[in-house]
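Visitor: sequence plus the predicted model coming up.
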Amino acid sequence: MTGKQPYVGQALDSPHAFTLAPGPTKHTQYPYVTGTSVLGIKYKDGVLIAADTAGSYGSTVRYKSVERLKTCGKHCLIGASGEISDFQQILSYVDKLILNDYMWDDGNNLSPRDIHNYLTRIMYNKRNSFDPLWNTLVIGGVKNGEKYLGVVTMIGVHYEDNHVASGFGNHLARPIFRDEWHENMTLEEGIQLLEKALTVLFYRDRSAINKVQVANITAEGINISEPYALKTNWDYKAFKNPTAGAVGSW
Amino acid sequence: MFRNQYDTDVTTWSPAGRLHQVEYAMEAVKQGSAAIGLRSKTHVVLATVNKASSELLSHQKKLFKIDNHIGIAMAGLTADGRVLSRYMRSECINHNFIYESPLPVGRLVVKVADKAQVCTQRSWKRPYGVGLLVAGTDETGPHLYQNCPSGNYFEYQAFAIGSRSQAAKTYLERKYETFMECTKEQLIRHALFAVKESLQEEELTSSNCGLAIVGIDDKFEILDQKKLQAYIDSLEDATKEEPAPADEEPAHVEEAAALLTRESSGGVEIPADGDGPAPMET
């Protein structure tokens, strides 16, 4: 030993301290396979959440049957846009949470608000570790007659509203919701409104496809529809002659 | 001084299958002045007997608010009780931070019981010398639990712990079937009558008892002296009109008939009446 003071991390029989790999710790800081917008609205009997089933690899729509709506306990559903593998990680957190809650077997169980706040804590913590989960999550549910609809983003921003949307939906779907949403919408009206917004997204968002799922959460339970196709119409003048308003060199 | 050779540390079994140190901790609860709890469909009331060992001394605080929906009453070593109450407060606040909702009462009680149980199984620790009555509400309604130094916990309709708690228990056992339908005020009156039983000779005043209430729609509140005195005064008015409930036929019901259900985790079963050490002020 040299005359130096020994320190934690120093191998006892070596004058050299062991070192970690050089450079800072690196995390995945960019998304790879992503899902686009998730939409959610409250309606008369509960909450509706909708999303398409696309998984994009960059700008390539690489996977077309990715289910981005998942139930979470008896009262709650999560819809995710953003990095698909991060969503799968979040689902494993949530499954663990729900299982632990179930194991108490004491008549108490987590409300959508509990789960929303729990996810907010996780998202914000991961962001502060410079290792964000690259998602915007929509959390919807009904418990004890109370409808709940909230959002949490990859940086931990969270809010509740009567209608919500993530990603492109914020720009394309929410203006429609603001005009047409009202508190006493029936199930049919609600689904119609969502399908309208999804169709607009399909037309204008390159990552959106017209294969969608709509989930209905009521006091009775949760029902996620099988994926189905939206009817589309390409006969609009602007679609037929896309360069009419923007003359280019070709 | 020692009862036998098997009581010098917590983790040593006696041949009879008992843990004497744990039983001594249970004994400490019996030495402390009484704490009483009872519940209706909507409320839980906690009451305590406060003893000051000197005229110049204020009494030891025995009722603690844990959160808006939970409070405790303690009997035994209040110093240990304060440690547990700080733990309970921090559990509640952490739960609230993570879930933005109140911690279910039963879950808090289990956490405290688990903490107490560890002390019965580690040679370098000592059991908590305090018994807790935990009152609270959650989405499954109002609850009254008892936590023991042994790591056991029980849920009750009504219960009393501490010195001379048998008198209060006898009162509660005689009346508990009516408690479920009681109003908040009626419940408080029953609690004060039960305290009176434990006081025996002494007169019931707002300075020798404490009272707290929590309900489904009412936050946990420890009554101040003024409010408490008003209840005590109304009590005396009522007793003049009708014979005091204590004068009814002397029923000596089996101990803990009011025991509701539920028992869990490790620890030992303690006989109700053991011959413990000399009285100790706590």
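Guide: Arrived safely, thanks for sending. Numbers count the residues shown, from 1 in each chain, chains lettered A, B, ... in the order given.

Visitor: where do the helices sit along chain A?
Guide: Under the criterion DSSP state H, chain A contains helices at A:84-104, A:112-128, A:169-172, A:174-180, A:187-204, A:237-240.

Visitor: nearest to A:K147, out of those?
Guide: helix A:112-128 (8.7 Å; C-beta to C-beta). C-beta: built from backbone N, CA, C; applies to glycine.

Visitor: angle of that closest one against helix A:84-104?
Guide: 130 degrees (axes from the mean of the first three to the mean of the last three C-alpha atoms, to 10 degrees).

Visitor: distance from helix A:112-128 to the middle of the chain?
Guide: On the basis of C-alpha atoms, centre = their mean, to the nearest Å, helix A:112-128 sits 13 Å off its chain's mean C-alpha point.

Visitor: quick one: mean pLDDT over it.
Guide: Averaging pLDDT along helix A:112-128 gives 97.

Visitor: again, but for stretch A:170-186
Guide: Here the average pLDDT along stretch A:170-186 is 97.

Visitor: and the end-to-end length of it?
Guide: 23 Å (C-alpha to C-alpha, to the nearest Å).

Visitor: for it, list every residue counted as buried.
Guide: A:172-174, A:176-177, A:181, A:185 (16 or more other C-beta atoms under 10 Å in any protein chain shown).

Visitor: what would those residues look like in TSV with distance to A:V157?
Guide: As requested, those are exported to TSV (distance: C-beta to C-beta, whole Å):
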residue	distance to A:V157
A:L172	20
A:A173	18
A:R174	15
A:I176	22
A:F177	19
A:W181	22
A:M185	27
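
Visitor: nearest to A:L201 among the residues you listed?
Guide: A:L172 (5.5 Å).

Visitor: tell me the spacing between the closest one and chain B.
Guide: From A:L172 across to chain B, the span is 31 Å (C-beta to the nearest C-beta, to the nearest Å).

Visitor: kindly report the same for A:S111.
Guide: Applying C-beta to the nearest C-beta to A:S111 and chain B gives a distance of 7 Å.

Visitor: for that residue, which residues are in contact?
Guide: A:75-76, A:141, A:143-144, A:146, A:148, B:101 (C-beta atoms under 8 Å, 6 or more residues apart in numbering or on different chains).

Visitor: okay, now the unreliable bits of the chain?
Guide: Going with chain A. Chain A contains residues with pLDDT under 70 at A:1-26, A:250.

Visitor: actually it's chain B I care about, not the one you picked
Guide: B:1-3, B:238-282.

Visitor: what residues does it have near chain A?
Guide: B:97-101, B:104, B:106-107, B:138-140 (C-beta under 8 Å from any C-beta of the partner chain).

Visitor: ranges for the strands of the stretch 1-150 of chain B?
Guide: Using DSSP state E, counting those that start in this stretch, the strands of the stretch 1-150 of chain B run over B:35-39, B:43-49, B:63-67, B:70-76, B:130-138, B:141-147.

Visitor: same question, chain A
Guide: A:33-35, A:38-43, A:46-52, A:55-57, A:60-63, A:69-72, A:76-83, A:135-143, A:146-152, A:158-160, A:163-165, A:211-218, A:221-224, A:228-229 (DSSP state E).

Visitor: okay if I get the ones you listed as TSV plus distance to B:P127 and mean neighbour count?
Guide: Below are the strands of chain A laid out as TSV (distance: least, C-beta to C-beta, whole Å; neighbours: other C-beta atoms under 10 Å in any protein chain shown):
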stretch	distance to B:P127	mean neighbour count
strand A:33-35	54	25
strand A:38-43	51	27
strand A:46-52	49	27
strand A:55-57	56	20
strand A:60-63	58	14
strand A:69-72	40	20
strand A:76-83	41	26
strand A:135-143	40	27
strand A:146-152	43	21
strand A:158-160	43	15
strand A:163-165	51	26
strand A:211-218	47	21
strand A:221-224	46	16
strand A:228-229	63	10
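
Visitor: before we move on, the earlier item: between the buried residues of stretch A:170-186, which sits nearest B:L172?
Guide: The shortest approach to B:L172 among the buried residues of stretch A:170-186 belongs to A:M185, at 53.1 Å (C-beta to C-beta).

Visitor: find the nearest non-adjacent residue to the closest one, please.
Guide: A:Y43 (4.2 Å; C-beta to C-beta, 6 or more residues apart in numbering or on different chains).

Visitor: residues contacting the one you found?
Guide: If you count contacts by C-beta under 8 Å, 6+ apart, A:Y43 has them with A:184-187, A:189-190.

Visitor: then A:G145?
Guide: A:A219.

Visitor: please report how far it lies from B:L56.
Guide: Using C-beta to C-beta, to the nearest Å, A:G145 is found at 56 Å from B:L56.

Visitor: residues from chain A in reach of chain B?
Guide: Proximity of chain A to chain B (C-beta under 8 Å from any C-beta) is limited to residues A:104, A:106-108, A:110-111, A:113-114, A:116-118, A:121, A:144.

Visitor: how much space between B:T11 and B:G131?
Guide: 21 Å.

Visitor: so between these two, which is more surrounded?
Guide: Per other C-beta atoms under 10 Å in any protein chain shown, whichever of B:T11 and B:G131 has more neighbours is B:G131, with 28 against 13.

Visitor: for the nearest residue to that one once chain neighbours are set aside, what are its contacts?
Guide: Spatially, and ignoring its direct neighbours in sequence, B:G131 is nearest to B:V29 (3.6 Å; C-beta to C-beta, 6+ apart). By C-beta under 8 Å, 6+ apart, the contact set of B:V29 is B:75-76, B:129-131, B:148-149, B:161-162.

Visitor: could you report the distance from the one residue sitting closest to the centre of chain A to A:M123?
Guide: In chain A, the residue lying closest to the centroid (C-alpha atoms, centre = their mean) is A:A80, at 1.8 Å. Between A:A80 and A:M123 the distance is 11 Å, computed by C-beta to C-beta.

Visitor: now for the two: what residues contact both?
Guide: With C-beta under 8 Å, 6+ apart, A:A80 and A:M123 have common neighbours A:135, A:137.

Visitor: any idea how far the residue nearest to A:N184 when sequence neighbours are not counted is from A:D114?
Guide: Distances taken as C-beta to C-beta, 6+ apart put A:K44 closest to A:N184, at 5.2 Å, once the chain neighbours are dropped. According to C-beta to C-beta, A:K44 and A:D114 sit 24 Å apart.

Visitor: what helix or strand is B:L187 on?
Guide: For B:L187, the enclosing helix or strand under DSSP states H and E is helix B:184-199.

Visitor: packing partners of that helix?
Guide: strand B:35-39, strand B:43-49, helix B:165-179, strand B:209-215, helix B:225-241 (3 or more C-beta pairs under 8 Å, 6 or more residues apart in numbering or on different chains; DSSP states H and E).

Visitor: would you turn those into CSV with mean neighbour count?
Guide: As requested, the helices and strands packed on helix B:184-199 are exported to CSV (neighbours: other C-beta atoms under 10 Å in any protein chain shown):
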stretch, mean neighbour count
strand B:35-39, 30
strand B:43-49, 29
helix B:165-179, 20
strand B:209-215, 24
helix B:225-241, 13
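
Visitor: shouldn't A:C76 be in contact with A:G140?
Guide: Yes: the pair A:C76 / A:G140 is scored as a contact, 7.2 Å apart, by C-beta atoms under 8 Å.

Visitor: overlap in contacts of these two?
Guide: A:112, A:217.

Visitor: coming back round to it: who does the residue nearest to A:M185 bridge with?
Guide: A:G46 (DSSP bridges).

Visitor: tell me which other helices or strands the longest helix seen in chain B touches.
Guide: Taking DSSP H as the criterion, chain B has its longest helix at helix B:78-99. Counting contacts by 3+ C-beta pairs under 8 Å, 6+ apart, helix B:78-99 packs against helix A:112-128, strand B:63-67, strand B:70-76, helix B:105-118, strand B:130-138.
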